[in-house]
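**Student:** Below are the sequence and a predicted model for it; my questions follow.
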Amino acid sequence: MTVDYIDAYRTEFGVEPICAVLSEIDPDNWKISPSTYYAAKSRPMSARAISDIVTKVAIFTIWQANYEVYGVRKMWKAMRRGGADIGRDQVGRLMREMGIAGARRGKRVRTTCPDDKATRPPDLVNRDFTATAPNQLWVTDLTYVPTWSGMVYVSFITDVFSRTIVGWRVATNMRTDMVLESIEMARWSRGHRLEGLICHSDAGGQYTSVRYTERLEEIGATPSIGSVADSYDNALAETINGLYKTEVIHRRGPWKDVDQVELATLNWVHWFNNERLHSALGDVPPVEFEAAWHAARQPETEVTLINQG
C-alpha cells in the first residue's frame, strides 16, 4: 500500500521527500525509508501475486463474455465449470480488486393493458411455475424498450421446465400479431402439435383475443391467464423480462431503432439459452439442462422399443 502510494506521486515530489513526510505523519503504519522502497520495487513478484494476475484475466474474460452481468456466485460457478480450482471468497476478492460486479435488477414496469370486456380463460397454473418435462408449461409476457425512433415492444415465450426461451418477437406495436408471431417461432422450434401444453400469460388484450386462443388450439395448447395487475400470477415470465432489461437493454443503450433492438435481442436469447448459468437449473444453461433430461430418458425409450418388438 505504501509502495503504491509512493509510485503514484514519486514523479511529482520525489521518493525521498515522500518517505520523510509519511514517516513523520504516521511512523507506526507509514514509516518507510528510500532504501526499503527501492528494495521492494526490485523484489520479484510472489507466487500468489502472479497467480492473482492470471486468475484476474480469466475472471475478466468470462465477465465480459457473459454480458458483464455475473456476480461473485455465478462467476465462481463459471470458473469451476471451466476447470479452475478456486474458492468463492477468492473470486469475490479479485472481483473487488478489479472493480467489477454483477448486474442488479431494477423495478419492473407493467405493460399489460387488460381488456375487461374480453372472455378470459381460467388460471390453470395458480402460481405453481413448475414442470416435469419440456412443453408442459409455457409462460409469455410483453415488455418495452424506449428508442430514439419511438417505443419498441418485445414478446417472450419461455418453457418453464428448462427456462429455454422458445419464441420471441420485437415490434413497434403491442397488437396481437406480435404475440402470434412469437407463437409461430415457438411452434417451429418445439413442434407443430404439443398436446397437453398450457400457455400462461397475464390478462393483456393480446392474450384474451380470439385469434390468440385459436392459434394455441392449432398446436394443441390450452391458454391460461392469471389475475389482472397481480405480478405474482405471471412471475416467471416477468422474471425473464426483468433479466432481459437488466442484462442487455439498460446496460447497452441508448437504442436507435427497432432493428438495433431486434439484433441485440437475437444475440441475448442465444446466449441466454446456450451459455447463461441458471441457479434454478443447478447452474447450467437451459439447452444443456434439457439435453441432459433427454439423454437420461433415452435408455427408457430403448427398453420400451425392445419390449414392443
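**Tutor:** In hand now; what should we look at? Numbering: from 1, shown residues only.
**Student:** Model confidence for the one residue sitting closest to the centre of the chain, exactly?
**Tutor:** In the chain, the residue lying closest to the centroid (Cα atoms, centre = their mean) is Leu243, at 5.2 Å. Looking at Leu243, its pLDDT stands at 95.
**Student:** Confirm for me that it is in contact with Arg105.
**Tutor:** Yes: checked against Cβ atoms under 8 Å, the pair Leu243 and Arg105 is within contact range at 7.3 Å. The C-beta positions use only the backbone N, C-alpha and C, and glycine is treated the same way.
**Student:** hang on, the earlier thing: tell me the phi and psi of the residue nearest to the centre of the chain?
**Tutor:** With angles defined as degrees, to the nearest 10, Leu243 sits at phi -60, psi -40.
**Student:** List the buried residues for the host helix or strand of Thr61?
**Tutor:** In this assignment (DSSP states H and E), Thr61 forms part of helix 47-65. Applying a neighbour-count criterion of 16 or more other Cβ atoms under 10 Å, one finds 52, 55, 58-59, 62-63 buried in helix 47-65.
**Student:** what about Ala237, neighbour count?
**Tutor:** Ala237 sits with 26 neighbouring residues when counted by other Cβ atoms under 10 Å.
**Student:** Does anything pack onto the helix or strand hosting it? Which helices or strands?
**Tutor:** Element membership of Ala237, judged by DSSP H and E, is helix 235-244. Here helix 235-244 touches strand 137-147, strand 150-159, helix 258-274, going by 3 or more Cβ pairs under 8 Å, 6 or more residues apart in numbering; DSSP states H and E.
**Student:** What helices and strands are in contact with the last one?
**Tutor:** Taking 3+ Cβ pairs under 8 Å, 6+ apart as contact, the helices and strands that helix 258-274 lies on are strand 137-147, strand 150-159, strand 165-171, helix 235-244, helix 286-308.
**Student:** With distance to Arg190 as added columns, please give the ones you listed in CSV.
**Tutor:** Listed next are the helices and strands packed on helix 258-274 as CSV, based on distance: least, Cβ to Cβ, whole Å:
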stretch, distance to Arg190
strand 137-147, 9
strand 150-159, 8
strand 165-171, 5
helix 235-244, 16
helix 286-308, 11
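**Student:** Can you say which of the ones you listed is nearest to Ala203?
**Tutor:** The closest of those to Ala203 is strand 137-147. By Cβ to Cβ, the value is 11.2 Å.
**Student:** now the helices for the stretch 1-150 of the chain?
**Tutor:** Per DSSP state H, counting those that start in this stretch, the stretch 1-150 of the chain carries helices over the ranges 2-13, 15-25, 34-42, 47-65, 72-81, 88-98.
**Student:** for the record, mean pLDDT for stretch 130-137?
**Tutor:** For stretch 130-137, mean pLDDT rounds to 95.
**Student:** Any stretches of this protein with poor pLDDT?
**Tutor:** 1, 106-119, 228-231, 299-309 (pLDDT under 70).
**Student:** one more time with 90
**Tutor:** Applying pLDDT under 90 to the chain flags residues 1-50, 52-53, 103-128, 174-176, 191-193, 202-210, 225-235, 253, 297-309.
**Student:** Figure out which of the helices and strands packed on helix 235-244 is closest to Ser35.
**Tutor:** helix 258-274 (53.4 Å).
**Student:** Now do the helix holding Ala237 against helix 258-274, angle only.
**Tutor:** Interaxial angle, helix 235-244 versus helix 258-274 (axes from the mean of the first three to the mean of the last three Cα atoms, to 10 degrees): 120 degrees.
**Student:** Just the buried residues of helix 235-244, please?
**Tutor:** Here helix 235-244 shows 236-241, 243-244 as buried, counting by 16+ other Cβ under 10 Å.
**Student:** What is the nearest of these to Met95?
**Tutor:** The closest of these to Met95 turns out to be Leu243 (Cβ to Cβ; 20.2 Å).
**Student:** For that closest one, give me its contacts.
**Tutor:** Applying Cβ atoms under 8 Å, 6 or more residues apart in numbering to Leu243 gives the contacts 105, 272.
**Student:** One more: Thr147?
**Tutor:** Applying Cβ under 8 Å, 6+ apart, the residues contacting Thr147 are 254-258, 260-261.
**Student:** Just the buried subset of those, please.
**Tutor:** Buried members of the contacts of Thr147, counted by 16+ other Cβ under 10 Å: 255, 258, 260-261.
**Student:** Check which residues of stretch 158-175 are buried.
**Tutor:** Residues 158-171, 174 are the ones in stretch 158-175 that count as buried (16+ other Cβ under 10 Å).
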